[in-house]
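Visitor: sharing a sequence plus its predicted fold:
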There are 2 protein chains.
Amino acid sequence: MAHGSSGDSIKISFEDLRALLKRIFLKAGAAQTVADILADNCAACERDGCHSHGIFRMPGYVTNLETGWVDGRAVPTAQEVGPSFLRIDARNGFAQPSFEAFRPQIGQIIEATGVAVVAINNSHHFSALWPELEPFAQVGFVGISVVTGGCVVVPPGGRKRVLGTNPIAFATPVGGSDPLIFDFATSNMSHGDLTIAAGAGRKVPYGTGVDRHGRLSDDPVVINDGGGILPFGGHKGAALSLMVEVLASALTGGKFAAEVDFTGYPEANAPKTGQLLIFIDPRRGGNVGFSNRVRDLLEMLRHAGQERFPSQQRYQRRAAAMKDGIPIRAADFENLEALAIGGSPAR
Amino acid sequence: MAHGSSGDSIKISFEDLRALLKRIFLKAGAAQTVADILADNCAACERDGCHSHGIFRMPGYVTNLETGWVDGRAVPTAQEVGPSFLRIDARNGFAQPSFEAFRPQIGQIIEATGVAVVAINNSHHFSALWPELEPFAQVGFVGISVVTGGCVVVPPGGRKRVLGTNPIAFATPVGGSDPLIFDFATSNMSHGDLTIAAGAGRKVPYGTGVDRHGRLSDDPVVINDGGGILPFGGHKGAALSLMVEVLASALTGGKFAAEVDFTGYPEANAPKTGQLLIFIDPRRGGNVGFSNRVRDLLEMLRHAGQERFPSQQRYQRRAAAMKDGIPIRAADFENLEALAIGGSPAR
């Protein structure tokens, strides 16, 4: 299955990684379609270098499924509450399979009306947001996605975690090129990256979060232990985090980050909250030049000296991984193989 | 007209200020309805303490109208391009009168479908965004508004202004209380506030913007003179600024900030770009408890120690101003009176 190795690291093809991850999801009790969708999603994150949402997440997926905290066999339901407005109940499953189940219908809604608002509740989102948006941007639609994340964020001036990491993603077609997609936590750092830093013994920038007494800290262990992460960008980021919670939880009818009750599931960590997506067909009404206009804007920014753009690095890593395989550590690969046969990963 | 004075400052009622501003707009050539709407908007900003969008803007309004850069008698047109999607052509007028002209239709669209996307182009927006959202939030709808602003923002790592100040506003009903509305520039500072700081001889925080050579600066005069403001919050704020320009300019069919050509209008400064608004009825589909859910979220944040919330201070200032009058400097009042009879304001 591994294509080649160099020292502690091996390379694996996207297809092989996806197949391995699918075996793990099936072993953890997920239905075939759920396992397909989550394996594709997680392998794509690893392929694109989004390590905080790649194979790093697999032990968590397994725990959330095996304990029954998340229903890997949930059958989502949907209701068109308006010509451009679809409500989905994920029935305690992961958000992605519930979205995928109604993706053709969502596409039809956008084609028919130029707009789709998709409100998902009773859902767990444990990954990046760009994978849901990318296929829509590839066929010409802009998309916005917000999710209420795990309750790890302390409001500015506060002493207690209330908000989720509450990511915002946006995707737009770009004439003659891959879509431009950004996808970031409204916290100073994603909880995944914080946990990776804690595991690696690395400090984080001072002020990333606070300790349990509300004092600013640069220690991810201390921030994770009774403290919390702060929103990015001061009061503006805090306002955006609040907006995400209003849209992805209150508007969908889902739970707020602070309301998720893990009683009886001490090892589970996937937040059962909600997700809101908004799609618009920018060409609707005769605006046919849209994607080339976006290309022109990016050209102006490049010309002004901007060198890095959202999602650029992901596409570069993807191209390299599709050519040469996805680099993963040999120890991580062994842990995945152990998960696939139902064993515990080595610590 | 002034209700009372104390030293250099007087107090004027909202109604009297609105009437005075209307006279100025009429004198500058605006149609009756346009003058009504802009006077109400500008007086409301002053009343609520949004000084960068209050009477400070009046000389600019007059210049933009009198030079013909903005058409104060424009008759906007609209087209329903989908059941939840309205495109408005402001025909080179200010955005607010074009929005106001179709406000009943927008309300009907939300009532009928639960969603309204409103794309305005050929429009000038010279004020805060919350005034358009507030009436919708008061009747139960959430709203998002983005506008491409004046070209004063340098992208991160860049040397040249490309982006507008590109504000984002969000409004949500709150059970038993005024709507919560935030409204902020995705630049480190609004251009209005930067100009006020420059006029007052105040420094701004280091890194608010760059000088003409791309070096970080704390001098608003230097930033305004060939340099530019940076986006807030590093690469995340820069990504949001880019999103605003895609939504409010490319998607609406309007101009980007960097494309607005003031040739022949050297004194004009209202950006002729576009605006996108998205309204959603959160109760659609049976989610009747929405506004009380938002109230609960705010309660949790208060309990965690958050003391300030978006729009809170505006409502406090509004209440005080409605009771005691709006405090303005006597010199500013005299300048407004001069504008109303067509004279130049004292310098």
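Guide: Nice, thanks for sending it over. All values derive from a computational prediction rather than experimental measurement. Numbers count the residues shown, from 1 in each chain, chains lettered A, B, ... in the order given.

Visitor: so what's A:Arg295 closest to, chain neighbours aside?
Guide: Distances taken as C-beta to C-beta, 6 or more residues apart in numbering or on different chains put A:Gly175 closest to A:Arg295, at 3.9 Å, once the chain neighbours are dropped. For every residue, glycine as well, the C-beta is placed using N, CA and C.

Visitor: now the residue of the stretch 101-250 of chain A found nearest chain B: closest residue in space, sequence neighbours ignored.
Guide: Nearest residue of the stretch 101-250 of chain A to chain B, counting by C-beta to the nearest C-beta: A:Gly233, 2.8 Å away. In this structure, A:Gly233 finds its nearest non-sequential neighbour in B:Gly233, 2.8 Å apart by C-beta to C-beta, 6+ apart.

Visitor: surely the one you found and A:Pro231 touch.
Guide: No - with contact defined as C-beta atoms under 8 Å, B:Gly233 does not reach A:Pro231; the gap is 9.3 Å.

Visitor: mutual contacts of these two, please.
Guide: A:Gly237 (C-beta atoms under 8 Å, 6 or more residues apart in numbering or on different chains).

Visitor: returning to what we had before: which residues touch the residue nearest to A:Arg295?
Guide: Per C-beta under 8 Å, 6+ apart, neighbours of A:Gly175: A:Ser291, A:Asn292, A:Arg293, A:Val294, A:Arg295.

Visitor: distance of the last one from A:Pro179?
Guide: So the one you mean is A:Arg295. A:Arg295 sits 11 Å away from A:Pro179, going by C-beta to C-beta, to the nearest Å.

Visitor: before we move on, the earlier item: okay, now the residue of the stretch 101-250 of chain A closest to chain B: neighbour count?
Guide: A:Gly233 is flanked by 23 other residues according to other C-beta atoms under 10 Å in any protein chain shown.

Visitor: who's more crowded, A:Arg295 and A:Pro179?
Guide: Between A:Arg295 and A:Pro179, counted using other C-beta under 10 Å, the more crowded position is A:Pro179 (24 against 17).

Visitor: that one - that's part of a helix, no?
Guide: No - going by DSSP: H, G, I helix; E, B strand; the rest coil, the assignment for A:Pro179 is strand, not a helix.

Visitor: model confidence for it, exactly?
Guide: With respect to pLDDT, A:Pro179 scores 98.

Visitor: so it sits against A:Ala171, correct?
Guide: Yes - A:Pro179 lies in contact with A:Ala171 (C-beta under 8 Å); the separation is 5.3 Å.

Visitor: now list whatever residues contact both of the two.
Guide: In contact with both A:Pro179 and A:Ala171: A:Leu133, A:Glu134, A:Ala137, using C-beta under 8 Å, 6+ apart.

Visitor: and the next helix or strand past the longest helix along chain A?
Guide: Across chain A, the longest stretch assigned as helix under DSSP state H is helix A:32-47. Once the chain leaves helix A:32-47, the next helix or strand it forms, by DSSP states H and E, is helix A:58-66.

Visitor: please see if the helix or strand just after that next one touches chain B.
Guide: For helix A:58-66, the following helix or strand on the C-terminal side (DSSP H and E) is strand A:77-82. Yes - counting by C-beta under 8 Å from any C-beta of the partner chain, chain B has neighbours in strand A:77-82: A:Gln79, A:Val81, A:Gly82.

Visitor: show me where chain A has helices.
Guide: Along chain A, counting by DSSP H, helices occupy A:14-27, A:32-47, A:58-66, A:95-101, A:103-113, A:130-138, A:191-200, A:220-224, A:234-245, A:290-303, A:312-324, A:330-340.

Visitor: angle of the longest one against helix A:58-66?
Guide: It refers to helix A:32-47. Angle, helix A:32-47 to helix A:58-66, by axes from the mean of the first three to the mean of the last three C-alpha atoms, to 10 degrees: 160 degrees.

Visitor: then helix A:32-47 to CSV, C-alphas only?
Guide: Listed next in CSV are the C-alpha coordinates belonging to helix A:32-47 (Å, rounded to 0.1, in the frame of the first residue of the first chain):
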residue,chain,number,x,y,z
GLN,A,32,-20.7,2.5,3.4
THR,A,33,-21.7,6.0,2.0
VAL,A,34,-20.6,7.7,5.2
ALA,A,35,-17.3,5.9,5.2
ASP,A,36,-16.8,6.9,1.5
ILE,A,37,-17.5,10.5,2.1
LEU,A,38,-15.5,10.9,5.3
ALA,A,39,-12.5,8.9,3.9
ASP,A,40,-12.5,11.1,0.8
ASN,A,41,-12.7,14.3,2.9
CYS,A,42,-9.9,13.3,5.3
ALA,A,43,-7.6,12.0,2.7
ALA,A,44,-8.1,15.2,0.7
CYS,A,45,-7.2,17.3,3.7
GLU,A,46,-4.0,15.2,4.2
ARG,A,47,-3.2,15.4,0.5
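
Visitor: quick check: A:Val260 touching A:Gly274?
Guide: No - contact criterion C-beta under 8 Å: A:Val260 and A:Gly274 do not qualify, at 10.8 Å.

Visitor: of the two, who's got more company?
Guide: When A:Val260 and A:Gly274 are compared on other C-beta under 10 Å, the one with more neighbours turns out to be A:Gly274, at 29 against 20.

Visitor: distance-wise, check that one relative to A:Gly254.
Guide: Shown here: A:Gly274 relative to A:Gly254, a distance of 3 Å by C-beta to C-beta.

Visitor: give me the common contacts of those two.
Guide: Common contacts of A:Gly274 and A:Gly254 (C-beta under 8 Å, 6+ apart): A:Ile120, A:Asn121, A:Asn122, A:Ser123, A:Thr148, A:Ala248.

Visitor: model confidence for the one residue sitting closest to the centre of chain A, exactly?
Guide: Compute the mean C-alpha point of chain A, and by C-alpha atoms, centre = their mean the closest residue is A:Ala128, 1.7 Å away. Here, the pLDDT recorded for A:Ala128 equals 95.

Visitor: how about it, what does it touch?
Guide: By C-beta under 8 Å, 6+ apart, A:Ala128 lies in contact with A:Cys45, A:Cys50, A:His53, A:Pro167, A:Ala169, A:Asp183.

Visitor: ok, now which ones touch the fifth one?
Guide: Residues counted as contacts of A:Ala169 (C-beta under 8 Å, 6+ apart) are A:Ala128, A:Leu129, A:Trp130, A:Leu133, A:Gly143, A:Ile144, A:Ser145, A:Val146, A:Ile181, A:Phe182, A:Asp183, A:Phe184.

Visitor: hmm, 6 Å instead?
Guide: By C-beta atoms under 6 Å, 6 or more residues apart in numbering or on different chains, the residues touching A:Ala169 are A:Leu129, A:Trp130, A:Leu133, A:Ser145, A:Asp183.

Visitor: just among those, which is most surrounded?
Guide: A:Ser145 (31 neighbours).

Visitor: how near is that one to A:Val210?
Guide: Counting by C-beta to C-beta, the gap from A:Ser145 to A:Val210 is 28 Å.

Visitor: same check, this time on A:Ala19
Guide: Distance of A:Ala19 to A:Val210, given as C-beta to C-beta: 43 Å.
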